[in-house]
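> what shape does this take:
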Amino acid sequence: MDLTLSDEQRAISELAARILTDRLPAERIKEIEAGDDWFAADVWAELAKADLLGLALPEAHGGGGYGFVELALVLEAVGRATAPLPALATLVLGALPVAEHGDADQQAALLPGVIAGERHLTAALGEGSRALPPERPATVATRAAGDAGWTLTGVKTLVPAASLADRILVPARTGDATTVFLVDPAAAGVALEENRSLNGEPLFTLRLDGVAVADADVLGEVGAGAAIVARTVELATAATCAIQAGVCEAATRLTGDYASSREQFGAPIATFQAVAHRVADAYIDTEAVRLTARQAAWRLAAGEDAAEAIAVAKLWAADGAHRVVHAAQHVHGGIGVDTDYPVHRTFRWAKHHELALGHATDHLRALGRRLAAG
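As a prediction, this is how the structure comes out:
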């Protein structure tokens, strides 16, 4: 497996980084975080203009036709800039499942708008319990009278970008199986309750009280939703690890710059052995987070079994990132907790992504089961 980036992939990464860095300095991010939407709409439009939002979507709908690796590079740049954008929700949780499993009408209705930056999508996978995996939801879909569509009832938790979304992918039980539905958040019976994550991102509780959904809004086949959800969780977990790699790089760079300029006893603190070792360890952890995330993305893009690689990547994105941002805080000392200085933001982002889509222990156990099974 060769994880060396091609010239084209490097160009994609550099373009995304340049747009995000230029348009989202620390002060701009602080202004956005103080607002209600947590969304830099102008930056999202710039990414669309640069053809970065549709990188991994079909050329037939105006996309770039690239794979998941290229999308992961854009997500790394999002993490590096700690950019308040619905990239994970729209591009991974929403657009990729529609591109892979949607019919021609669903793709034509949703994907061009995503590529143009005019539509947002997301998925409601969690239900607040670790007892039931997302592919076996408690939310129920029952046949409407006369077999004219479906009625959805249930509660989903921690749904990103729900207030922006044109459609929300909602898995629900249909008898003994699972089906995924495309739900309009403006439909009757849908209620959203906003919460805020550790990094300030709005995450919503989605309540479905007898929501009517047409047959045309079934994603894939009725009863075939478990496989769609499992695939979406794999993609989203790998995408989360890619974002975390960018966050770790940002924290490490900030720490290196600070240690090189901050003087104590007449010398930069970077010349002190203990500080140098701490920053070096953070660099090594950052590279491990990046390489394991790229390995997971590569295996997904190649259509290979990625479960083990994803578990390894998520473990590093949790434990490795934890060490990186704690090192950043400790080296910065008191200024590290000053909200006017950006290193605190990398800490909050890292903690958010550490806990998203399963704790490190969950993935370590999954990895152990796979290794024990041979």
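> just checking, residue 100 touches residue 227?
No: the criterion here is Cβ atoms under 8 Å, and residue 100 misses it with residue 227 at 10.5 Å. Where you see a C-beta, it was placed from the backbone N, CA and C, and this is true even at glycine.
> separation between residue 31 and residue 86?
Distance check for residue 31 against residue 86: by Cβ to Cβ, to the nearest Å, it reads 18 Å.
> which one of these two is surrounded by more residues?
More crowded of residue 31 and residue 86, by other Cβ atoms under 10 Å: residue 86, with 25 against 10.
> roughly how far apart are the nearest residue to the more buried one once chain neighbours are set aside and residue 322?
With Cβ to Cβ, 6 or more residues apart in numbering as the criterion, residue 86 has its nearest non-adjacent residue at 3.8 Å, and that residue is residue 161. Applying Cβ to Cβ, the value for residue 161 to residue 322 is 26 Å.
> check residue 266 too.
For residue 266, the distance to residue 322 - Cβ to Cβ - is 33 Å.
> and what of residue 48?
Counting by Cβ to Cβ, the gap from residue 48 to residue 322 is 34 Å.
> and the strands in this protein, which stretches?
For the chain, applying DSSP state E gives strands covering 121-123, 140-143, 150-160, 167-174, 177-183, 190-196, 202-213, 218-219, 263-264, 267-268.
> for this protein, which spans come out with low pLDDT?
1, 130-131 (pLDDT under 70).
> repeat the analysis, applying 80 as the threshold.
The chain contains residues with pLDDT under 80 at 1-2, 129-132, 146-147, 263, 357-360, 363, 374.
> residue 264 bridge partners, please.
Here residue 264 sits in beta bridges with residue 267, going by DSSP bridges.
> now for it, how many residues are close by?
With other Cβ under 10 Å as criterion, residue 264 counts 11.
> what of the one 5 residues further on?
Residue 269 is flanked by 19 other residues according to other Cβ under 10 Å.
> quick one: residues contacting it.
Contacts for residue 269 (Cβ atoms under 8 Å, 6 or more residues apart in numbering) come out as 259, 262, 263, 275, 331.
> not counting residues beside it along the chain, what's closest to the first one?
It refers to residue 259. Here the residue nearest residue 259, using Cβ to Cβ, 6+ apart, is residue 270, at 3.9 Å.
> rewinding a little: of residue 161 and residue 322, who's got more company?
Using other Cβ under 10 Å as the criterion, residue 161 and residue 322 rank with residue 161 on top: 26 against 17.
> wait, isn't the more buried one in contact with residue 124?
No: look at residue 161 against residue 124 with Cβ under 8 Å: they stay out of range, at 10.8 Å.
> so how far is residue 39 from the residue nearest to residue 86?
8 Å.
> can you pull the contacts of residue 253?
No contacts exist for residue 253 under Cβ under 8 Å, 6+ apart.
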